[in-house]
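A.B. asks: The following block contains a protein sequence and its predicted model.
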Amino acid sequence: MDSYTGRNILPKILESFHQEIKSIQELERIISQGRLFLVRKEFKMDFGVDLRLELLLEENNASNFKIDVQMKNVKKAKRFNNDGSYSYQIKISTLNYLLNSINSLFIIYLEDRDIFLWEWCYTIRKYIEDNNVNIDTQKSISYRFNKTLNEHELQKIFNEVKTKYEKILSVDKNSKLKNIKQNSSDLNISVDSIVTKYNLRIIYDYLVNKKQLGMLAVLTLYDIDELLYALENGIMTTRLAQGIKRIFDIDLQYLNGTTKIDEVFIFSLEDSYEE
């Protein structure tokens, strides 16, 4: 017998660890059946992203089109609502982290029912905005999940992400911005041109009121005519987005047109006019 007195003092493997491994294994099993995604587990430090899904294109080609995923495992589901949805508490900090990605999903594995529930993180954020949840005073919110992850839903997720990336990678041939055509690193990243145009109109008014339009031209290296054309026509390039973010803090979701600027954001800009 080993006489070392500290032999039994060893790290404990938490039950949550085993649950997380099981949920990821089950997700891999479901996803492998459809051959739409590759599951990538590439995180040594977990700040809210447990794994990534990469789209597989025609002839099983890897795409580098990725979705960040937060996975949660529930051993015994008890929070079902009368409408059939399942309520789960989500940390605001985790949601904010996920929203910094172009595509992000929140997935819950209900182990006792062997089903996965899911939602786009931008949809959860819209719920927060629509219900006037004060995220400055709350550390978490309860969200009702009602989408079951199955073959049909996986195909919908695949189609949406594929379409989004194709738009991001496309060059707007009608644009006057000559640098878009000459520099592949300066791509049009607008996901929804109508929403982007609406958002850029508000951003334009802000920059004019703050007398920072010239500063934006300097930061982006666009001449003023090119800059005005982009702002007026809803063309959001990588350089324009980087320039705007250097002037004031704004989420990528607003810049690429994923999320429409709301009244709360407008009021915050109007307050800044008076400073």
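C.D. replies: Great, that's in hand.
A.B. asks: Helices of the stretch 101-250 of the chain, start to end?
C.D. replies: 121-130, 151-169, 178-182, 193-209, 213-220, 224-233, 238-247 (DSSP state H, counting those that start in this stretch).
A.B. asks: Would you mark the buried spots in stretch 96-112?
C.D. replies: For stretch 96-112, burial by neighbour count (16 or more other Cβ atoms under 10 Å) applies to 97-99, 101-111. Any C-beta I mention is one placed from the backbone N, CA and C, and that applies to glycine too.
A.B. asks: before we move on, what about stretch 123-133?
C.D. replies: Using 16+ other Cβ under 10 Å as the test for burial, stretch 123-133 gives 124-125, 128-129.
A.B. asks: same check, this time on stretch 52-63
C.D. replies: Neighbour-count burial for stretch 52-63, counted by 16+ other Cβ under 10 Å, picks out 52-56.
A.B. asks: ok, so of the residues you listed, who is nearest residue 81?
C.D. replies: Comparing these against residue 81 with Cβ to Cβ places residue 53 closest, at 27.7 Å.
A.B. asks: Name the helix or strand for the closest one, please.
C.D. replies: Assessed by DSSP states H and E, residue 53 sits inside strand 51-57.
A.B. asks: partners of that strand, with directions?
C.D. replies: Each strand that pairs with strand 51-57, with its direction, by DSSP bridges: strand 37-40 (antiparallel), strand 61-74 (antiparallel).
A.B. asks: was I right about residue 244 contacting residue 250?
C.D. replies: Yes - Residue 244 is within contact range of residue 250, at 6.4 Å (criterion: Cβ atoms under 8 Å).
A.B. asks: measure residue 251 to residue 63 for me?
C.D. replies: Separation of residue 251 from residue 63 (Cβ to Cβ, to the nearest Å) stands at 25 Å.
A.B. asks: For beta bridges, what are the partners of the closest residue to residue 49 other than its chain neighbours?
C.D. replies: Spatial nearest neighbour of residue 49, excluding adjacent residues (Cβ to Cβ, 6 or more residues apart in numbering): residue 68 at 4.6 Å. Beta-bridge pairing for residue 68 (DSSP bridges): residue 52, residue 104.
A.B. asks: Just put the strands paired with strand 51-57 in TSV and tack on mean pLDDT and distance to residue 258.
C.D. replies: Shown next, in TSV, are these (pLDDT from 0 to 100; distance: least, Cβ to Cβ, whole Å):
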stretch	mean pLDDT	distance to residue 258
strand 37-40	87	20
strand 61-74	88	14
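A.B. asks: In terms of model confidence, name the weakest of the buried residues of stretch 123-133.
C.D. replies: Least confident by pLDDT among the buried residues of stretch 123-133: that is residue 129, with 82.
A.B. asks: so that residue sits right up against residue 260, yeah?
C.D. replies: No - contact criterion Cβ under 8 Å: residue 129 and residue 260 do not qualify, at 9.6 Å.
A.B. asks: Count residues in the vicinity of residue 118, would you?
C.D. replies: Residue 118: 20 surrounding residues under other Cβ atoms under 10 Å.
A.B. asks: and it, what does it touch?
C.D. replies: Applying Cβ atoms under 8 Å, 6 or more residues apart in numbering to residue 118 gives the contacts 105-108, 145, 147-149, 153, 157.
A.B. asks: Sketch out the low-pLDDT regions of the stretch 1-150 of the chain for me.
C.D. replies: By pLDDT under 70, the weakly predicted segments of the stretch 1-150 of the chain are 1-8, 10-11, 13-18, 42-47.
A.B. asks: rerun at 80
C.D. replies: 1-22, 33-34, 41-48, 59-60, 79, 100-102, 135-136 (pLDDT under 80).
A.B. asks: would you list every one of the strands in it?
C.D. replies: In the stretch 1-150 of the chain, the strands defined using DSSP state E, counting those that start in this stretch lie at 37-40, 51-57, 61-74, 86-91, 104-110, 115-120, 140-145, 147-148.
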